[in-house]
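Participant: Show me how the following folds:
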Amino acid sequence: MTDRAGNMPSLPGIFPDQMAPVVRHGADGRELGMLRWGFPCPPGVPGNRAVTNIRNTGSSYWRSWMKPEYRCIVPVTAVRARGRMTGRIPADHVRLKRVYAPASADDGARVLVDRLWPRGVSKARAALRSWCKDVAPSTELREWFGHDPARWEGFCERYRAELKHNPEAVEALRTLARQGPVTLLFAARDETHNEAVVLRDVLLGR
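Facilitator: Numbering: from 1, shown residues only. Below you'll find the predicted structure:
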């Protein structure tokens, strides 16, 4: 094996989007080098941070990164994921709020879950961690629903079906909620019948 990493110092930890020793197949066989560690996030995922573990191997996005030329070995003695990466999310970690209400310190990560930007709200006022359009209802479903309480049950059923076809964005929100409080922001005046209510239940496994 060719050593291209040189005299490496002791590393207290290896984190996404940082340099780390990697063993890979080079032109002359196996080689050890220093590379930036992690995969690009799927489009629309909150935070847009590099990730280290591919969990949904059936995703068309991740399949493109599973080819032999992208495979490598990271020589570490232990692995510890940041935060609670698995397990049930505490109910108080997922909160709901109208985007027009003032931001507060206990909101945690503020995530807008509407497909359209709310009228009259500046980016500074919204104070978002991210705008997650990909988890919002489709335009067709939103227009069909029209915030009509009589169509609420049908909306919930159809919206849950849409979310099942977008597991990457949903799982990214779950990961965020396991790490701390997340406030799902919406513009609808009806605080009982809107997509954030359904999305909260999906994140909490209800």
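Participant: May I see the buried residues of the helix or strand of the chain with the lowest mean pLDDT?
Facilitator: Across the helices and strands of the chain, mean pLDDT, DSSP states H and E gives its lowest value to helix 60-63, namely a mean of 73. Across helix 60-63, burial judged by 16 or more other C-beta atoms under 10 Å covers residue 62. Where you see a C-beta, it was placed from the backbone N, CA and C, and this is true even at glycine.
Participant: same deal with stretch 131-143?
Facilitator: 131-132, 134-137, 141-142.
Participant: Now go through the residues you listed and say which are in helices.
Facilitator: 141-142 (DSSP state H).
Participant: Please identify which of the buried residues of stretch 131-143 is nearest to residue 180.
Facilitator: Closest approach between the buried residues of stretch 131-143 and residue 180, by C-beta to C-beta: residue 132, at 16.3 Å.
Participant: ok, that closest one touching residue 171?
Facilitator: No: using C-beta atoms under 8 Å, residue 132 is not in contact with residue 171, being 11.9 Å away.
Participant: Now do the shared contacts for those two.
Facilitator: Taking C-beta atoms under 8 Å, 6 or more residues apart in numbering as the contact criterion, no residue touches both residue 132 and residue 171.
Participant: which residues does residue 19 bridge with?
Facilitator: Beta bridges link residue 19 to residue 36 when assigned by DSSP bridges.
Participant: give the contact list for it.
Facilitator: Residue 19 neighbours (C-beta under 8 Å, 6+ apart): 34-37.
Participant: can you pull the pLDDT of the residue nearest the centre of the chain?
Facilitator: Closest residue to the average C-alpha location of the chain: residue 172 at 2.2 Å, with C-alpha atoms, centre = their mean. Predicted confidence (pLDDT) at residue 172: the value is 86.
Participant: check which helix or strand covers it.
Facilitator: Secondary structure assignment for residue 172, by DSSP states H and E: helix 167-179.
Participant: packing partners for that helix?
Facilitator: In terms of contacts (3 or more C-beta pairs under 8 Å, 6 or more residues apart in numbering; DSSP states H and E), helix 167-179 is packed against strand 109-112, helix 195-203.
Participant: Determine which stretch of the ones you listed is the most buried.
Facilitator: strand 109-112 (a mean of 22; mean count of other C-beta atoms under 10 Å).
Participant: Can you list the buried residues in whichever helix or strand comes after that strand?
Facilitator: Beyond strand 109-112 on the C-terminal side, the first helix or strand identified by DSSP H and E is helix 123-126. By 16+ other C-beta under 10 Å, the buried positions in helix 123-126 come out as residue 126.
Participant: what is the rounded mean pLDDT of helix 123-126?
Facilitator: Here the average pLDDT along helix 123-126 is 91.
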